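A.B. asks: got a predicted model here, sequence first, then my questions.
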Amino acid sequence: MKMQSSFFLQSKRFWGMFVTLVAGVMPAMAQFMGWNFSVSEWMGFGEAVSNAIDSVMAAFGLGLTWYGSLKAKGPMVVTAE
């Protein structure tokens, strides 16, 4: 059976990996996006919310990656056909 390739932006695997990456780097990128939190604010409620969002995004990203791998018809390619 011939495997069918797909453009990477149409790949559920790519989007799963992307969401997982964003969840992992979002706290580090917060200061570059203009979110200036003091240490006490970040350690309080903001940290709990941030951790919850990170956990949900990471779980969603991993789930989407897994689902995309199950539904894949072939390898991902970087160039459009």
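C.D. replies: Noted; the coordinates are in hand. What you are looking at is a predicted structure, and each value in this text was computed from that prediction instead of being measured.

A.B. asks: run through the helices of this structure in chain order.
C.D. replies: Along the chain, counting by DSSP state H, helices occupy 12-29, 39-43, 45-71.

A.B. asks: what's the closest of these to residue 77?
C.D. replies: Among those, the nearest to residue 77 by Cβ to Cβ is helix 12-29 (10.7 Å). For every residue, glycine as well, the C-beta is placed using N, CA and C.

A.B. asks: same for that closest one, what does it pack against?
C.D. replies: In terms of contacts (3 or more Cβ pairs under 8 Å, 6 or more residues apart in numbering; DSSP states H and E), helix 12-29 is packed against helix 45-71.

A.B. asks: most tightly packed of the helices of the chain?
C.D. replies: helix 12-29 (a mean of 16; mean count of other Cβ atoms under 10 Å).

A.B. asks: pLDDT-wise, which helix or strand of the protein ranks last?
C.D. replies: helix 39-43 (a mean of 62; mean pLDDT, DSSP states H and E).

A.B. asks: pick out the residue nearest the middle of this structure.
C.D. replies: Closest to where the C-alpha atoms of the chain average out (Cα atoms, centre = their mean) is residue 19, at 1.1 Å.

A.B. asks: ok, that one - contacts?
C.D. replies: Contact analysis of residue 19 by Cβ atoms under 8 Å, 6 or more residues apart in numbering lists 57-58, 60-61, 64.

A.B. asks: which of those residues lies closest to residue 76?
C.D. replies: residue 64 (13.8 Å).

A.B. asks: if I look at the residue nearest to the closest one when sequence neighbours are not counted, how far off is residue 78?
C.D. replies: Once flanking residues are discounted, residue 64 sits nearest to residue 16: 3.5 Å by Cβ to Cβ, 6 or more residues apart in numbering. As judged by Cβ to Cβ, to the nearest Å, residue 16 and residue 78 stand 17 Å apart.
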